[in-house]
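Asker: Would you be able to build a 3D model of this:
(one chain, ligands or ions: 1)
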Amino acid sequence: MRVKLHLAPVKFKWSYENNLKEQTSRILLCQEGELRMNTPLCNFCIKSGILCQKCQDKVESGEITETDVQIAKLLLKLEEKNPSLQNVNFHNAYDVDNILAIVVGQGDLPKFLTSGGKLIRDIQESTGKKVRILEKKGEVRKFLEDLFAPVPITTINKIWLPDGSTETRVILAGQPRRLPLKVSTFKELAKDVRSITLRIAFETQEDESE
Ligand SMILES: [Zn+2]
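Answerer: Numbering: from 1, shown residues only. Take a look at the predicted model:
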């Protein structure tokens with residue numbers, strides 16, 4: 001009886017340690033050959049296409065989508081020829097109406113522009129989509145300016161609705177027909193990336209154009 005009681009915890013400890021060892025070797029495997037760009041999955045897993053348990057779980061739970069994996073893979077490939085991408089934090093990507101929004105860390109957008117737009121063109125060519133680089137965090141005004149570029153924003157107001165929710169009203173300079181994307185696409189991207197409910201108006205007309 002005494003022996004049995006003694007053995008049980010030892011056995012548990014042993015398997016726990018083994019488990020730890022296994023996890024550590026996986027982590028080491030994942031870090032091998034890793035470049036400095038940060039993605040939601042191990043760079044090794046993305047490059048090899050064989051996911052470790054941790055990455056597999058993220059994909060199965062839906063935390064990471066197929067689009068995220070494809071874009072992470074593309075960015076890692078582009079990083080080899082574009083050192084400016086090495087410190088980029090890639091969060092995820094959204095494909096809305098054939099517009100690819102690549103969501104990166106605060107301050108990462110300029111790293112995509114160092115090559116005079118060549119990098120963006122390369123991404124557009126590889127994916128066949130129009131590309132927007134958006135930062136996950138930071139000032140709302142800057143996010144909206146990046147989203148609507150090159151159309152200048154005249155005014156941004158926050159509107160509180162009776163149910164306690166908020167909407168962000170953006171008034172754009174110029175004419176609706178000059179918008180680079182559809183109004184619905186802007187709205188969906190703002191919602192996806194920053195959970196912002198947008199109302200879009202133009203200086204020349206007070207009502208929202210759909
Ligand atoms: Zn992994």
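
Asker: Tell me, how many residues neighbour K81?
Answerer: Using other Cβ atoms under 10 Å as the criterion, K81 is surrounded by 11 other residues. Backbone N, C-alpha and C define where each C-beta goes, glycine included.

Asker: Next, it: secondary structure please.
Answerer: At K81 the chain is in coil, as set by DSSP: H, G, I helix; E, B strand; the rest coil.

Asker: quick one: pLDDT of E206?
Answerer: The score at E206 is 55. That number is its pLDDT.

Asker: One more: L35?
Answerer: 49.

Asker: now A173
Answerer: Note for A173: predicted pLDDT of 91.

Asker: Can you get me a residue count around it?
Answerer: Neighbour count of A173, defined by other Cβ under 10 Å: 14.

Asker: What does the residue nearest to it when sequence neighbours are not counted show for phi and psi?
Answerer: Nearest non-adjacent residue to A173, counting by Cβ to Cβ, 6 or more residues apart in numbering: P152, 4.5 Å away. When quoted as degrees, to the nearest 10, the phi and psi of P152 stand at phi -70, psi 140.

Asker: ditto for N89
Answerer: Dihedral pair for N89: phi -100, psi 110, per degrees, to the nearest 10.

Asker: Name the spans of this protein whose pLDDT lies under the cut-off.
Answerer: Counting by pLDDT under 70, the chain shows low-confidence ranges at 1-35, 206-210.

Asker: Which helix or strand contains the residue most central in space within it?
Answerer: Nearest to the mean C-alpha position of the chain, by Cα atoms, centre = their mean, lies N92 at 2.4 Å. For N92, the enclosing helix or strand under DSSP states H and E is strand 90-96.
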